[in-house]
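Colleague: coordinates only, no sequence provided:
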């Protein structure tokens, strides 16, 4: 049908899915000789590299002209991912530091609160030893 109607625009969504290598090659040749515009959505890098001369990027709900080829796009995506993970890693690191700081503060507060109690316990134990010695001395008579 495309041959007889001679359209000037083709919209193709994953055109190489379910095609064998020979048919992929034939499709690539046919698209290269097509005289109109192509809008191709595909994960087939070899098809995109062979049939397109510009890329449009849909990112965050917006359509943008992408200046570059597929290799440039791959590098751009890696840079985007690295930029997105760097603050997250920094945030995680900061959260770990905050957690350690808070845990140290809690330990210090427990130690501060327990010190007077421990002193009272030590004093009571000394008094018990003294009373025990007195009791032992009284029993000796």
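Modeller: That came through fine. In this text, all values refer to a predicted model and were calculated from it rather than measured experimentally.

Colleague: mind checking how far stretch 106-113 is from the chain centre?
Modeller: 37 Å (C-alpha atoms, centre = their mean, to the nearest Å).

Colleague: so which residue is dead centre in this structure?
Modeller: residue 85 (5.2 Å; C-alpha atoms, centre = their mean).

Colleague: relative to residue 92, how far out is it?
Modeller: Residue 85 sits at a distance of 10 Å from residue 92 (criterion: C-beta to C-beta, to the nearest Å). For glycine as for every other residue, the C-beta is placed from the backbone atoms N, C-alpha and C.

Colleague: please name every helix or strand in contact with the helix ranked longest in the chain.
Modeller: Among the segments of the chain that qualify as a helix by DSSP state H, the longest is helix 70-140. Using 3 or more C-beta pairs under 8 Å, 6 or more residues apart in numbering; DSSP states H and E, the elements in contact with helix 70-140 are helix 45-51, strand 55-59, strand 62-66.

Colleague: deepest in the core, which of these is it.
Modeller: helix 45-51 (a mean of 16; mean count of other C-beta atoms under 10 Å).

Colleague: and that one, what's its mean pLDDT?
Modeller: The average of the pLDDT scores along helix 45-51 is 93.

Colleague: contacts made by that helix with the rest, please.
Modeller: With C-beta atoms under 8 Å, 6 or more residues apart in numbering as the test, helix 45-51 has contacts from 15-16, 24, 27-28, 31-32, 38, 40, 42, 69-70.
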